[in-house]
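Visitor: turn this into a structure:
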Amino acid sequence: MKKVEIFTDGSSLGNPGPGGWCAILRYKNYEKILKGGDEHTTNNKMELKAVIEALKALKEPCEVDIYSDSTYVVKGINEWLENWKKKNFKNVKNEDLWKEFIEVSRPHKLNMFWVKAHNGHNENEKCDKIARDEALRRKIADK
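Guide: As a prediction, the model looks like this:
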């Protein structure tokens, strides 16, 4: 099973507001940057969307180390998701995205890691800038 690293971040200008996300996928010496966004979204949605889109880009089952500065995403995956499933996502925000995450993560072995934001972590800083640029692009386009 291939070992892949994924670094993610999301951003929104207003909560809700225009938002962007970024994911950096790394396998050995290869790196791919994915990015996107939405005109009307929240920070948490963009954080989770970055993880989902990164996992969708994998072409085969992999062992994946995912690094995110989002407590919501990391704790959601590591701690809360099993209970949310048991209660059929009752009163859980972003149910559609969490269900999509479950589907796209199924073939993979995931390890989730939290990293402190704005603390000199190179990939996190790069993702943060790209996600913010995606959000700004949507804000400017909206005017």
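
Visitor: what's the burial count for the residue lying closest to P61 once chain neighbours are set aside?
Guide: Excluding the flanking residues, the one nearest P61 by CB to CB, 6 or more residues apart in numbering is P107, at 4.1 Å. C-beta here means a position set from N, CA and C on the backbone, and glycine is covered the same way. P107 has 11 neighbouring residues, counting by other CB atoms under 10 Å.

Visitor: surely P107 and V64 touch.
Guide: No - with contact defined as CB atoms under 8 Å, P107 does not count as touching V64 (10.1 Å).

Visitor: helix, strand, or coil at the residue nearest to P61?
Guide: Following DSSP: H, G, I helix; E, B strand; the rest coil, the label given to P107 is coil.

Visitor: ramachandran angles for it?
Guide: In terms of degrees, to the nearest 10, the main-chain angles of P107 are phi -80, psi -10.

Visitor: one more: the one 10 residues further on?
Guide: Main-chain torsions, A117, degrees, to the nearest 10: phi -70, psi 150.

Visitor: and the nearest residue to it once chain neighbours are set aside, how close does it get to K28?
Guide: Counting by CB to CB, 6+ apart, A117 lies nearest to D69, which is 3.8 Å off, once chain neighbours are set aside. Going from D69 to K28 by CB to CB, to the nearest Å gives 24 Å.

Visitor: who has more neighbours out of those two?
Guide: D69 (22 against 9).
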